[in-house]
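*Asks:* fold the following.
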Amino acid sequence: MGKNKLSRFADNERFENVFQPDYFTTRDQGFALKGRWAPDFFKNELPLSLELGCGKGDYTIGLARKDRNFNYVGVDVKGARFWRGAKTAIEEGLDHVAFLRIRIDQIANYFAPEDKINQIWITFPDPQPREGKEKKRLTSPQFLERYRLICNPDTVVNLKTDDRPLYEYTMQVVKEQGLQLLEHSDDVYAQMPKEHPVASIQTFYEKMWLEMGKKIHLVSFKLFP
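*Replies:* Down below sits the predicted model:
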């Protein structure tokens, strides 16, 4: 393991905006912030915005810079990745930002409807293209059911991806489940206003895809029918 990764792990242990709960402890004893993120950690009553599979936390940080009407939590299983976002939040005084190191399929152990999760961002997830892997896609019916356990009727899910098949798959899931489609684009930077959050914030990986000439896709929809 590289020195940089070890250093980042050590930083994450001391960062006050990083949570790395033990799965078995949470399973047996619960998670103290579940349903209490705003009053107990953020010390306010704002709704939550989640970025699932947040990577370096680019979108979490970008949104937090633009809008202080939400608390933001980036979720990823790779702590060495979101170290950058956590450090930036501390350096810039973004006290409405936190990061949670967990597997996304366990998300119902860490949040509740009382957390007022009004928006979910899924930015450039693994498209799980192989046959038989559909259930692992973060916009699959199985994952949407997990999100419904912690969200409310007004929650909006935003998928941003460079993967055309995942975009088309998500559009089909939205149709089959009778969900309200709010926005969609098969070429964000050709079709969306520059000031729109989906066009004005770019992740580390997104910049790579754009340099390769890939088109970026968006699907925004209500989580509940």
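
*Asks:* which of the three states applies to Gln119?
*Replies:* Recorded secondary structure, Gln119: strand (DSSP: H, G, I helix; E, B strand; the rest coil).

*Asks:* what about it, how many neighbours?
*Replies:* 21 (other CB atoms under 10 Å). Bear in mind the C-beta positions are built from the backbone N, C-alpha and C, glycine included.

*Asks:* what confidence value was assigned to it?
*Replies:* At Gln119, the model reports a pLDDT of 97.

*Asks:* bridging residues for it?
*Replies:* Beta-bridge partners of Gln119, counted by DSSP bridges, are Ser49, Val156.

*Asks:* tell me the contacts of it?
*Replies:* Gln119 makes contacts with Ser49, Leu50, Phe70, Thr155, Val156, Val157, Asn158, as judged by CB atoms under 8 Å, 6 or more residues apart in numbering.

*Asks:* which one of those is nearest Glu114?
*Replies:* Thr155 (13.3 Å; CB to CB).

*Asks:* which non-adjacent residue is nearest the closest one?
*Replies:* Closest residue to Thr155 apart from its sequence neighbours, by CB to CB, 6 or more residues apart in numbering: Leu223 at 4.3 Å.

*Asks:* now the residue most central in space within the chain: which helix or strand?
*Replies:* The residue lying closest to the centre of the chain (CA atoms, centre = their mean) is Glu51, at 1.4 Å. Counting by DSSP states H and E, the element that carries Glu51 is strand 48-52.

*Asks:* by contact count, what packs against that strand?
*Replies:* helix 58-66, strand 71-76, strand 117-123 (3 or more CB pairs under 8 Å, 6 or more residues apart in numbering; DSSP states H and E).

*Asks:* quick one: which of these is nearest Asn109?
*Replies:* strand 71-76 (11.8 Å).

*Asks:* and the contacts of the closest one?
*Replies:* By CB under 8 Å, 6+ apart, strand 71-76 touches 37-38, 42, 44, 46-55, 57, 59-60, 63-64, 82, 85, 94, 96-102, 104, 107.

*Asks:* now do that strand and helix 58-66, the angle between them.
*Replies:* 170 degrees (axes from the mean of the first three to the mean of the last three CA atoms, to 10 degrees).

*Asks:* give the rounded mean pLDDT of strand 71-76.
*Replies:* pLDDT averaged over strand 71-76 gives 98.

*Asks:* show me what the helix or strand just after it is packed against.
*Replies:* Counting by DSSP H and E, the next helix or strand C-terminal to strand 71-76 is helix 79-91. Contact analysis of helix 79-91 by 3+ CB pairs under 8 Å, 6+ apart lists helix 3-14, strand 18-19, helix 58-66, strand 71-76, strand 97-101 as its packing neighbours.

*Asks:* which neighbouring elements make contact with the lowest-mean-pLDDT helix or strand in the chain?
*Replies:* None of the helices or strands of the chain scores lower by mean pLDDT, DSSP states H and E than helix 3-14, at a mean of 84. Under the contact definition 3+ CB pairs under 8 Å, 6+ apart, helix 3-14 sits against helix 79-91.
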